[in-house]
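Trainee: What shape does this take:
(one chain, ligands or ions: 3)
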Amino acid sequence: MSPESTHPAPTWVEGAAGSLWDVDNLPYGVFGPRDSDEPARVGVRVGDLVLDLAPVAAAEMLEVAHVFEAPSLNPLLSLGRGSWSAVRQWAVSLLTDEAARGLVEPHLLPVAEVELQLPFQVADYVDFYCSLEHASNVGRIFRPDDEPLKPNWRHLPVGYHGRAGTVVVSGTGVRRPCGQRLTPGADGPPQPSYGPSTRLDIETELGFVVGAPTAIGERVGTAGFADHVFGVLPLNDWSARDIQAWEYVPLGPFLGKSFATSVAGWVTPLEALDAARVDLPGQQPEPLDYLRVGPGAGYDIDFEVLLDGETVARPPYASMYWSPAQMLAHLTVNGASLRAGDLFASGTVSGAERGQRGSLLELSWGGTEPFTAGGRERTFLEDGDTVTLRATAPGARGGRIALGEVTGTILPATG
Ligand SMILES: O=C(O)/C=C/C(=O)CC(=O)CC(=O)O
Ligand SMILES: [Ca+2]
Ligand SMILES: [Mg+2]
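Mentor: Ligands and ions are numbered 1, 2, ... in the order given. Below you'll find the predicted structure:
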């Protein structure tokens, strides 16, 4: 490939060149104009604008034009890697070729004037546990008398099946869940009682969006990752730690996490992250053959966690122990099939330093070491708190690209 082909001409879109949303980014979302009954459809973001792809694709008589008219990315996801690359190249050429400007410009809308919807219909949702630092911290906090890591942890990416139907788009309010948790007994040991969670938390994660499906019985090896995964998005796996700590033995997370999972409205295509690929920090012992990966299996993505607008942590994705190709290989090694719209998440991203922890459980060490935000001591989430996750990564032009932002505000419990 010539150097020119990885560095397309500068875009003619004003304000986009050199920004976090330059043509080396181009994430996809599903949008509808604000305060309008127009059906939602697929758009691509460039600068502070959204390109409405359906009318442009129809005018150009693109074979796959119909996929942009859908109110979800699922038809595009089903097309597979060859078409994803072709569509991306087409979008880049529209936005860099002056000759296309007359056709394209009328279909650019300010981001501020559109409403993003859940970008795809979530088929199945799996959440992993891939950060060595996070798993070690949670082990120490939840199980202080045991080894922090269970014997399986370095041999496979541990995961659980989450709830696809409660994945919500950024901006959706998150209701404080009620449930069963241990509370102080009158005199004697703590007793189970029912009520609102008092230890509501966040989990800073990266979500992976599956496109190309497989049949039951088929496996996807680590080398098949880019053929099946369309793109990524920041994800907040809200967690009620009191409910979780009481219910999770021995089958794992259940109602403490199933009430809501928030995702960004923009899905960043995998190709936009080529320049962000890095080696994994190192795996000891060597995993089994079906989990082997080569160089460049990790991603250098910097997260930022904001609580009511103040930065409280900067978790580094490059520190993750297990790679997404390994998650997918493990997820399918028993022959479980994939569907377009499957979502799997990395698990909480936490680095080695205190300011790099991706959950409040870790930032406040189980509530015992409050951290400061907004001039106050904080532990878990309060009603009215707004949490925002942001992420950036190296882009193809030597600058940086932004991933979609995911935000949510805590609403008081009902009943
Ligand atoms: O170790 C535990 O008991 C619990 C772990 C988690 O809550 C983490 C989880 O959901 C996966 C992750 O986000 O890393
Ligand atoms: Ca999680
Ligand atoms: Mg969740």
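
Trainee: Next up, the contacts around the residue in the stretch 101-250 of the chain that ligand 3 sits nearest to.
Mentor: Taking Cβ to the ion as the measure, the stretch 101-250 of the chain has residue 237 as its residue closest to ligand 3, at 4.0 Å. The C-beta positions use only the backbone N, C-alpha and C, and glycine is treated the same way. Shown in contact with residue 237 (Cβ atoms under 8 Å, 6 or more residues apart in numbering): 127, 162, 202, 203, 205, 257, 261, 345, 348.

Trainee: So which of the residues you listed sit within helices?
Mentor: Secondary structure assignment (DSSP state H) places none of the contacts of residue 237 within helices.

Trainee: Show me the two of those that sit farthest apart.
Mentor: Of all pairs drawn from the contacts of residue 237, the widest gap by Cβ to Cβ lies between 162 and 202 and measures 15.1 Å.

Trainee: For residue 246, which three-state class applies?
Mentor: helix (DSSP: H, G, I helix; E, B strand; the rest coil).

Trainee: what residues are up against it?
Mentor: Contact partners of residue 246, counting by Cβ under 8 Å, 6+ apart, are 180, 181, 182, 192.

Trainee: Buried ones among these?
Mentor: residue 181 (16 or more other Cβ atoms under 10 Å).

Trainee: What is the nearest of the contacts of residue 246 to ligand 2?
Mentor: Within these, distances to ligand 2 taken as Cβ to the ion reach their minimum at residue 181, with 18.3 Å.

Trainee: May I have the beta-bridge partners of the closest one?
Mentor: According to DSSP bridges, the residues that bridge with residue 181 are residue 193.

Trainee: give me the low-pLDDT residue ranges for the chain?
Mentor: Using pLDDT under 70 as the threshold, the predicted model of the chain has low-confidence ranges 1-8.

Trainee: next SSE after the lengthiest helix in it?
Mentor: With DSSP H applied, the helix covering the greatest number of residues in the chain is identified as helix 81-96. Going down the chain from helix 81-96, the next helix or strand is helix 101-104, by DSSP states H and E.

Trainee: Which elements pack onto whichever helix or strand comes after that next one?
Mentor: Tracing the chain past helix 101-104, the next element assigned as helix or strand by DSSP H and E is strand 108-110. Applying 3 or more Cβ pairs under 8 Å, 6 or more residues apart in numbering; DSSP states H and E, one finds that strand 108-110 contacts strand 49-52.

Trainee: hmm, back to that, buried residues in the longest helix of the chain, which are they?
Mentor: Residues of helix 81-96 classed as buried by neighbour count (16+ other Cβ under 10 Å): 81, 83, 84, 87, 88, 90, 91, 92, 94, 95, 96.

Trainee: again, but for stretch 276-295
Mentor: By neighbour count, and taking 16+ other Cβ under 10 Å as the criterion, the buried residues in stretch 276-295 are 276, 277, 280, 283, 287, 291, 292, 293.

Trainee: Farthest pair within those residues?
Mentor: Using Cβ to Cβ, those reach their maximum pairwise distance at 276 and 287, which is 22.7 Å.

Trainee: which residues are contacting stretch 175-191?
Mentor: In this structure, residues lying in contact with stretch 175-191 by Cβ under 8 Å, 6+ apart are 192-198, 200, 240, 242-243, 245-247, 255-256, 259-260, 381, 383, 410-415.

Trainee: how about it against ligand 3, any contact?
Mentor: No - counting by Cβ under 5 Å from the ion, no contacts exist between stretch 175-191 and ligand 3, the nearest distance being 10.3 Å.

Trainee: Break the chain down into its structural domains.
Mentor: 3-117, 125-411 (automatic domain parsing).

Trainee: among the contacts of residue 237, which are within reach of ligand 1?
Mentor: 127, 203, 205, 348 (Cβ under 6 Å from any ligand atom).

Trainee: Could you list which of these belong to strands?
Mentor: The strands in this structure, assigned by DSSP state E, contain 127, 205 from those.

Trainee: can you list the ones next to ligand 1 among the contacts of residue 237 in JSON lines and add distance to ligand 2?
Mentor: Compiled in JSON lines, the ones next to ligand 1 among the contacts of residue 237 are given as follows (distance: Cβ to the ion, whole Å):
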{"residue": "127", "distance to ligand 2": "4"}
{"residue": "203", "distance to ligand 2": "4"}
{"residue": "205", "distance to ligand 2": "6"}
{"residue": "348", "distance to ligand 2": "6"}
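
Trainee: Near ligand 3, list only the ones from the ones next to ligand 1 among the contacts of residue 237.
Mentor: Applying Cβ under 5 Å from the ion to the ones next to ligand 1 among the contacts of residue 237, one finds that nothing falls near ligand 3.

Trainee: and residue 36, which of the three is it?
Mentor: The assignment at residue 36 comes out as coil when based on three-state DSSP.

Trainee: show me what contacts it?
Mentor: Taking Cβ under 8 Å, 6+ apart as the definition of contact, residue 36 has no neighbours.

Trainee: Please report phi then psi for it.
Mentor: Dihedral pair for residue 36: phi -150, psi 150, per degrees, to the nearest 10.
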